[in-house]
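Colleague: Let's see this in three dimensions:
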Amino acid sequence: MGAIVQIMKNNMRQYGMFIALVLIAILFQILTDGILLRPLNITNIILQNSYVLILAIGMVLIIITGHIDLSVGSVAAFVGAVSAIMTINMHLPTYLVLIFSLIIGAFIGAWQGFWVAYVKIPAFIVTLAGMLIFRGLTMLVLQGESLAPFPNSYQEISSGFIPDIVHGKDINILAIVLGIIVTVIYIVNELRNRNQQKKYQLPILSSKLFFAKIIIIAIIVNLFTYILATYEGIPNILVILFVLILVYSFMMKRTVVGRQVYAIGGNEKAASLSGVKTKRVTFWVFVNMGILAALSGLAFAARLNAATPKAGTNFELDAIAACFIGGASAYGGIGTVGGAIVGGLVMGVMNNGMSILGLGIDWQQTIKGLVLLLAVAFDVYNKNKAL
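Modeller: Sure, this is the predicted structure:
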């Protein structure tokens, strides 16, 4: 027990919000009489929060570098509007629309990254201007009206499911198989990492705690895929999210670029003196945010089956809150992709649970605001304690 307590103290950022997510889910499962974790509702939580989770992945990189991006909701709305014009009015095929939309997002990110990285205008000001500019452009290109409907191929981005090639009668066999495959890959990776830590004589968990951790996560993964399998299976957007999480987690943990992003957030001057091209890295972080904002806009438009002038409202606040709740530091230099995802899920489960209970938007906003404040206060407390 003493070892477990010590591990929790040393990894509070990593495990704290995950435990909070589990406890929140259990609480709302009880309060909603079992509705929260029903297969249909689990799928809805994924679909309803996918675009915010995509934004959170990009936003956590922005926050780690010590910046902020207030424009992502407006950029998502603008790209969704442009994609609707290309799809519905110009009748372009969906794959071309996706490519052009992501390119537009990259150019928007480059535009904002230029002002932040090279002109040295604070990101708060640049992205606040971007929020106003792209919200205005969204209303301009849509002429104040919604544009719908999208073809089925476009809607499949957010509302489609991976077909069950095995054709299970009452359950999606493919979802079960994918859960098992993910579990095996996870176990192999954990064992390999443990052997490497032993090789270099790094501190490791005791065998009992290590295997307990693997078993718990394996149970969670397979229970999750089983729940999905009893409904429609694996949503397409979940596959996109899974790939993004893997790619960005690997980049931030195992590549030079990831270390440079953390170095800039920790101390930009020291990073520059160490040879890091701080302006270039900051520029590409904003380009990346633009691309993910575009992808988020596509996912939201596909989910809504329409492009509307009000799309993306408050998306930036939800993405920022997800990062801070998930352990990112308000001072920069600290944060993880996994933490941002967990933070986004905390917000999503709370929203869904409170909606099922019939709480109004007023109470929902109040509670979410308090959770965000407590998360940042916890970060400040830990930082002061470390000093």
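Colleague: For this protein, give me the ranges with low pLDDT.
Modeller: Confidence mapping of the chain against pLDDT under 70 gives the ranges 1-15, 168, 379, 382-383, 385-387.
Colleague: Spatially central, which residue of it would that be?
Modeller: Nearest residue to the geometric centre of the chain (C-alpha atoms, centre = their mean): L53, 2.7 Å.
Colleague: mind checking the SS state of F100?
Modeller: Three-state assignment for F100 (DSSP: H, G, I helix; E, B strand; the rest coil): helix.
Colleague: and it, what does it touch?
Modeller: Contact analysis of F100 by C-beta atoms under 8 Å, 6 or more residues apart in numbering lists 82-83, 86, 92. The C-beta positions use only the backbone N, C-alpha and C, and glycine is treated the same way.
Colleague: Which residues are in contact with the residue nearest to the centre of the chain?
Modeller: Taking C-beta under 8 Å, 6+ apart, we find L53 in contact with 241, 322, 340-341, 344-345, 348.
Colleague: element containing it?
Modeller: Assessed by DSSP states H and E, L53 sits inside helix 39-64.
Colleague: how distant is that helix from the center of its chain?
Modeller: Average the C-alpha atoms of helix 39-64, do the same for its chain, and the two points are 4 Å apart (C-alpha atoms, centre = their mean, to the nearest Å).
Colleague: cool, and stretch 297-307?
Modeller: With C-alpha atoms, centre = their mean as the basis, stretch 297-307 stands 17 Å off its chain's centre.
Colleague: As CSV, could you dump the C-alpha coordinates of that stretch?
Modeller: Output in CSV follows, covering the C-alpha atoms of stretch 297-307 (Å, rounded to 0.1, in the frame of the first residue of the first chain):
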residue,chain,number,x,y,z
GLY,A,297,-14.7,21.2,-38.5
LEU,A,298,-15.2,18.4,-41.0
ALA,A,299,-16.1,16.0,-38.2
PHE,A,300,-18.6,18.4,-36.7
ALA,A,301,-20.2,19.2,-40.1
ALA,A,302,-20.5,15.5,-40.9
ARG,A,303,-22.1,14.8,-37.5
LEU,A,304,-24.5,17.7,-37.8
ASN,A,305,-25.1,17.0,-41.5
ALA,A,306,-25.0,20.7,-42.1
ALA,A,307,-22.7,23.7,-42.1
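Colleague: Identify all contacting residues around that stretch.
Modeller: With C-beta under 8 Å, 6+ apart, stretch 297-307 has contacts from 47-48, 50-51, 54, 75-81, 83-85, 98, 101, 105, 142, 146-150, 154-159, 237, 240, 311-312, 315.
Colleague: what's A307 sitting at in phi/psi?
Modeller: Note on A307: backbone dihedrals following degrees, to the nearest 10 are phi -110, psi 130.
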